[in-house]
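Provided below for reference: sequence and predicted model.
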Amino acid sequence: MLRPWGRNSIGTLLMLCCVGLRGGGGVAIAQETFPQKSVTVAVADSPTLGPAETLPAPPTPPGGQADPPNNRDEDQSQPSDRGRLPSAAGDYWWRQQVRQSLGIGAATLPLTADQAVTMALQQAPEVRQIRLAPQIQRTEISRQQAAFDWNRFLETNWANRSEPIGNILTTGDLDGRFEDDWLTGAAGLRRYSSSGAQWELAQRSGWQRNNNNFLIPNPQSTSRLELTMTQPLMAGRGKEFTYARIVEAQWTTAAVSADSLARLQDYILDVAEAYWALYQSRAAFLIRQRAAGQAALLVQSLHARATLDTGTRQILRAETAAARQQAELMAIAALADRYEVALRRLLGQTDYQTELVTQHDILETPPSFQREAALQVAMAGRPEIAKAVREVRMAGLRLGISRNQLLPKLDLIAGSYVAGLASNRQLFPSFGNQFAEGRPSVNLGLVWEQPAGNRAARSQVRRRELELQDALSKYEAALQQTQADVQLGFNQLDVAFQTYRQRQRALAAAAEERVYLEERWRLTPLADGPAILLLESLIDAQARQADEEAAVAVAEAELSLAVVRLHRALGLLLRQSSESQPLEMLVEEELDELADPLLEEQRQ
């Protein structure tokens, strides 16, 4: 990290700039071990790179011609030049030094891109928040399934009434008031079945005493065991209606899981972008540090030759260039510090005294894909499409439920009971008499109801039809967006690869020019004209080589990021494990029967 230098941070930076530190010291710590999982970004490894002071020119293509432009209409989605990059690619000196500590932290944490992703998935609070969303929604499945559980109930009621007598049949005479004392109780079970029927099994008992001459015996105990059933015959009938809320809850959970998977992949992409931004800023820091050292050496050389052939104007010009390099180094140091803080925040790490050291190998040859096969992979793997499919199914399911409510309410009510009677407060004898005496009683009836005009149900159907059209439009948009993202990912990878190659060639030419001008300046400073012109050319060549080296580092990071972005477009950055799949549905065999006919009907 480039921030925690304490009170002498600026002095430390200037000291590092002046001495031209090539590889930082610092205290090294053991590299943490992270399990390699399929959730990480897949990039190709490159061979170990060694330091070099100069960059040889790349080999000339056969026939002395430049690489032919890429044909984007080819079935192969990668550049037409599929060979290895120029041999100079393995000689970039900063690739080894960027893996070492810059000596500006109390400890170091070597980190590859895969390890950074794994650490973020394990530690980042944002990741925990994203993962909680499907778990929260999954509780709705159990809540809807609980609607079919048996419900136990217990009811009691006691009343002591004293009312005026308004009818001789109330007590048998008109003297005094009607005095009634009674106690009732009931216990039983209730349940909704998959057909929509409501079942109730209840045992009711009671005791009553009053001054009615017609109550025989008085007081008396009663018992009644009854079984009732209310079965919808039209609206609300069948498994398609009763299981609809369970299925909707499960599809909602699946949609939320797909959305969380998409958010996790976006988070992984953010981590990858922060990681490679840190890599290129650290590489740029080393490159600018080296350029500042070269500018300082040139100033020293001019001062040493001041008594021979160097004028004051040349010294001032070189000192200006050296100061500019120092200023650029300060800006790069601040930028690298910002990128490291951003990466540390994404990783969920709070130890700001540890320096993050990038260790990932640079990608030399991009992976090969067939566009048609890759598009099929994206259609199957993109969580956005999976979410859109679930939303279409949920919209079709809601439409089917609303159409069911267009039907009138027609319920079948059936029941049967046995009753027993005993004198005084003899509850147990009355309970036994309900099975020993008489026969069961039976009742049967129908209940019909329908609103005039049925406007509420019709409005609900219309709304659900529009919601289904909206869900289908979102699904089509998700397909088109996926196709566009895949196409854009291939194009970006192609451009990044070609840019990387051209930056290598530009760097090779810049390095050769700098070596040539340094040799001319060292041997014959006045051979090509006035000394100030040759010095200007040398200073420009040194700055140009530093710029091209920084551009190569940026191209390295962009090439690796282009692969990551392509994997994001294909939906391959993260795969859902079996443990995180939604709960198995209660009636899995009915799922297609519930939604597919509704969707087919809408298509027709």
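Here it is on my side, so go on. Residues are numbered from 1 along each chain as shown.

name the residues of stretch 473-488 that come out as buried.
474-475, 478-479, 482, 485-487 (16 or more other Cβ atoms under 10 Å). Placement of C-beta: from N, CA and C, glycine included.

neighbours around the closest residue to R282 other than its chain neighbours, how many?
Once flanking residues are discounted, R282 sits nearest to V98: 5.0 Å by Cβ to Cβ, 6 or more residues apart in numbering. Number of residues near V98 (other Cβ atoms under 10 Å) recorded here: 26.

I'd guessed V98 sits against Q280; true?
No - look at V98 against Q280 with Cβ atoms under 8 Å: they stay out of range, at 9.2 Å.

same list (the buried residues of stretch 473-488) but as CSV, adding distance to D540.
As requested, these are exported to CSV (distance: Cβ to Cβ, whole Å):
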residue, distance to D540
K474, 55
Y475, 57
A478, 51
L479, 52
T482, 47
D485, 42
V486, 43
Q487, 40
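
which of the residues you listed fall within helices?
Under the assignment DSSP state H, those contribute 474-475, 478-479, 482, 485-487 to helices.

ok, back up a step: closest to V341 among the buried residues of stretch 473-488?
Ranked by distance to V341 (Cβ to Cβ), the buried residues of stretch 473-488 are led by D485 at 29.6 Å.

quick check: the gap between that closest one and L264.
When distance is defined by Cβ to Cβ, to the nearest Å, D485 is 17 Å away from L264.

so who does A322 touch?
The contact partners of A322, taken as Cβ atoms under 8 Å, 6 or more residues apart in numbering, are 292, 295-296, 298-299.

what does L174 give?
By Cβ under 8 Å, 6+ apart, the contact list for L174 reads 165, 168.

the same query, at a cut-off of 10 Å, please.
164-168 (Cβ atoms under 10 Å, 6 or more residues apart in numbering).

equivalent analysis for L343, please.
Counted by Cβ under 10 Å, 6+ apart, L343 has contacts 1, 111, 116, 120, 270-279, 349, 356, 358.

what residues are shared contacts of V98 and Q280?
In contact with both V98 and Q280: 287, 358, 553, using Cβ under 10 Å, 6+ apart.

so what's the second one closest to, chain neighbours aside?
Okay, so that is T358. Ranked by Cβ to Cβ, 6+ apart and with sequence neighbours excluded, the top spatial neighbour of T358 is Y279, at 4.4 Å.

ok, now how distant is that neighbour from T112?
Distance, Y279 to T112, by Cβ to Cβ: 11 Å.

related to what we said a few turns ago, between the contacts of A322, which is nearest S560?
Of the contacts of A322, the one sitting nearest to S560 (Cβ to Cβ) turns out to be A292, at 27.2 Å.

which residue ranges of this structure form strands?
Assigned by DSSP state E, the chain shows strands spanning 107-111, 151-164, 177-192, 198-210, 220-232, 354-358, 409-423, 441-449.

quick one: those strands as TSV, columns for mean pLDDT, mean neighbour count and distance to Q250 too.
Formatted as TSV, these follow (pLDDT from 0 to 100; neighbours: other Cβ atoms under 10 Å; distance: least, Cβ to Cβ, whole Å):
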stretch	mean pLDDT	mean neighbour count	distance to Q250
strand 107-111	90	20	39
strand 151-164	93	10	23
strand 177-192	93	15	18
strand 198-210	94	17	24
strand 220-232	94	19	23
strand 354-358	90	22	42
strand 409-423	93	17	28
strand 441-449	94	10	32
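
now tabulate those in TSV and tack on distance to I315.
Shown next, in TSV, are these (distance: least, Cβ to Cβ, whole Å):
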stretch	distance to I315
strand 107-111	40
strand 151-164	96
strand 177-192	95
strand 198-210	100
strand 220-232	99
strand 354-358	37
strand 409-423	100
strand 441-449	102
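
the ones you listed: which one's closest to Q542?
Comparing the strands of the chain against Q542 with Cβ to Cβ, the closest turns out to be strand 354-358 (26.0 Å).

show me what the closest one is packed up against.
strand 107-111, helix 113-123, helix 244-304, helix 312-347 (3 or more Cβ pairs under 10 Å, 6 or more residues apart in numbering; DSSP states H and E).

what strands flank it, and is each parallel or antiparallel?
strand 107-111 (parallel) (DSSP bridges).

what angle do the partner strand and helix 312-347 make?
Strand 107-111 and helix 312-347 are oriented at 70 degrees to each other (axes from the mean of the first three to the mean of the last three Cα atoms, to 10 degrees).

grab the nearest non-local neighbour of R463.
Leaving aside its sequence neighbours, R463 sits nearest to S402 (Cβ to Cβ, 6+ apart; 7.6 Å).

what's the neighbour count on the one you found?
Using other Cβ under 10 Å, S402 has 19 neighbouring residues.

for it, give me the pLDDT.
Looking at S402, its pLDDT stands at 92.

list the contacts for it?
S402 is in contact with 457-465, 467, counting by Cβ under 10 Å, 6+ apart.

please pull out the lowest mean pLDDT helix or strand from this protein.
helix 9-19 (a mean of 35; mean pLDDT, DSSP states H and E).

contacts only, for the nearest residue to N404 once chain neighbours are set aside.
Of all residues not flanking N404 in the chain, F241 sits nearest, at 5.4 Å (Cβ to Cβ, 6+ apart). F241 is in contact with 194-196, 232, 235, 400-401, 404-405, 594, counting by Cβ under 10 Å, 6+ apart.

any residues touching stretch 230-237, and which ones?
With contact meaning Cβ under 10 Å, 6+ apart, stretch 230-237 is reached by 192-193, 195-200, 238, 241-242, 401, 404-415, 445-450, 457.

H360: how many residues sit nearby?
As a burial measure, H360 scores 21 neighbours (other Cβ under 10 Å).

likewise for L570?
Using other Cβ under 10 Å, L570 is surrounded by 22 other residues.

what residues sit buried inside stretch 341-350?
341-344, 346-349.

what about the stretch 301-450 of the chain, any weak spots by pLDDT?
307-310 (pLDDT under 70).

A292 contacts L329, doesn't it?
Yes - using Cβ atoms under 10 Å, A292 is in contact with L329, at 5.3 Å.

circling back: hey, what's in contact with both of Y279 and T112?
Both Y279 and T112 are in contact with 358-360, where contact means Cβ under 10 Å, 6+ apart.

spit out the contact partners of the residue lying closest to A124 once chain neighbours are set aside.
Excluding the flanking residues, the one nearest A124 by Cβ to Cβ, 6+ apart is G348, at 3.8 Å. G348 makes contact with 119-128, according to Cβ under 10 Å, 6+ apart.
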